[in-house]
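**Student:** missing the sequence, but the structure's below:
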Ligand SMILES: NC(=O)c1ccc[n+]([C@@H]2O[C@H](COP(=O)([O-])OP(=O)(O)OC[C@H]3O[C@@H](n4cnc5c(N)ncnc54)[C@H](OP(=O)(O)O)[C@@H]3O)[C@@H](O)[C@H]2O)c1
């Protein structure tokens, strides 16, 4: 089996590119991984996308490429839709042409956050931001074009390969020793490394449809920051603030935590609590 990773230079893409081959060896699975970083594929260009995909002839395509700067999407609407919606469509179409399964990575920001409990896959979508709307348009395109798809919605990603909330809050703490963080927006922090086995289950069990995949549990940005400073023994003073007092371009859902029960039932793989994953990440990559 051949797996092609598009967006393989991104935070999740690089984790998948590095870890899936190791998982194949460890689990004695017979699949090979090919990568297509942005320098090699332009998903907004249908013919380039089709040419690269046809050249590799993968059985499974994982599309982790996206325009992910949520605030920048507000002022770059054309680019957001071009990458997140048209790009997703081009990948789905090229995949369909060669009968490949498409695993499309999406986001918790397709929800408006008005629900008081974690979101399940069938909950009504209603994105608040250009990013969320463009990603939802991408989901719809994938669903319309390629019957053999899995849409994987993930949440609050952090990992080794790019800057993220964890690295940013640590940098802010080191610089200012006093940081204000939002208490009334909730989500499920998710370690990129923990998504790798989940994606493996998706293609090895040939799971289809929409799946929510995140580390177990949820917290506010404030609680997440507090845990980061606790685990790194940082004496930074944290100030709770409300979302309305933290100016940013994009509207962010008040609650975008994900309920992963469907995926756990289908795969038997329950991701560990977010606090445990965070502790391992900080031990391995931040605390030396
Ligand atoms: N990060 C989060 O907190 C989060 C949360 C929920 C869902 N997600 C979703 O998870 C997926 C992976 O996110 P991530 O954080 O790993 O993203 P990332 O680090 O921003 O990586 C995205 C990758 O896509 C590439 N790319 C962008 N435009 C492209 C294009 N037109 N053609 C080909 N490649 C292109 C980027 O290349 P360049 O760097 O050269 O632009 C980059 O390598 C995305 O679908 C995202 O929407 C992320």
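**Tutor:** Thanks, I have the structure now. Just so we're clear, the structure is a prediction, and the values are computed from it rather than from any experiment.

**Student:** what's the burial count for the residue in the chain that the ligand sits nearest to?
**Tutor:** Using Cβ to the nearest ligand atom, the closest approach of the chain to the ligand is made by residue 10 at 2.0 Å. The way it works is simple: take the backbone N, C-alpha and C, and place the C-beta from them, glycine included. Neighbour count of residue 10, defined by other Cβ atoms under 10 Å: 24.

**Student:** separation between the closest residue to it other than its chain neighbours and residue 264?
**Tutor:** Spatially, and ignoring its direct neighbours in sequence, residue 10 is nearest to residue 64 (5.6 Å; Cβ to Cβ, 6 or more residues apart in numbering). Taking Cβ to Cβ, to the nearest Å as the measure, residue 64 falls 22 Å from residue 264.

**Student:** ditto for residue 247
**Tutor:** Residue 247 is 38 Å from residue 264, where distance means Cβ to Cβ.

**Student:** mind checking which of these two has more residues around it?
**Tutor:** For residue 247 and residue 264, the more surrounded residue by other Cβ under 10 Å is residue 264, and the numbers stand at 17 against 6.

**Student:** show me which residues of the stretch 101-250 of the chain are close to the ligand?
**Tutor:** 105, 107, 108, 135, 154, 155, 156, 157, 162 (Cβ under 6 Å from any ligand atom).

**Student:** re the thing from before, so the residue of the chain closest to the ligand touches residue 62, yeah?
**Tutor:** No - using Cβ atoms under 8 Å, residue 10 makes no contact with residue 62, being 11.1 Å away.

**Student:** circling back to that earlier point, just the pLDDT for the residue of the chain closest to the ligand.
**Tutor:** Looking at residue 10, its pLDDT is 96.

**Student:** wait, what's in contact with it?
**Tutor:** Listed by Cβ atoms under 8 Å, 6 or more residues apart in numbering, the contact set of residue 10 reads 64, 65, 66, 68, 161, 162.

**Student:** out of those residues, which sit inside strands?
**Tutor:** Among the contacts of residue 10, no member is found in strands (DSSP state E).

**Student:** all strands of the stretch 1-150 of the chain, in order?
**Tutor:** Under the criterion DSSP state E, counting those that start in this stretch, the stretch 1-150 of the chain contains strands at 2-6, 32-36, 60-63, 101-107, 149-154.

**Student:** and the average pLDDT for stretch 240-259 is what?
**Tutor:** Taken as a whole, stretch 240-259 has a mean pLDDT of 95.

**Student:** start and end of it, how far apart?
**Tutor:** 26 Å (Cα to Cα, to the nearest Å).

**Student:** strands of the stretch 151-288 of the chain, start to end?
**Tutor:** 157-158, 178-182, 186-187, 190-191, 209-212, 219-220, 237-241.

**Student:** make CSV out of those strands and add distance to residue 280 and mean neighbour count.
**Tutor:** Conversion of the strands of the stretch 151-288 of the chain to CSV gives the following (distance: least, Cβ to Cβ, whole Å; neighbours: other Cβ atoms under 10 Å):
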stretch, distance to residue 280, mean neighbour count
strand 157-158, 12, 24
strand 178-182, 22, 17
strand 186-187, 19, 24
strand 190-191, 7, 26
strand 209-212, 22, 20
strand 219-220, 17, 19
strand 237-241, 22, 14
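
**Student:** out of these, which comes closest to residue 147?
**Tutor:** strand 209-212 (10.5 Å; Cβ to Cβ).

**Student:** before I go, just wanted to say thanks for your time.
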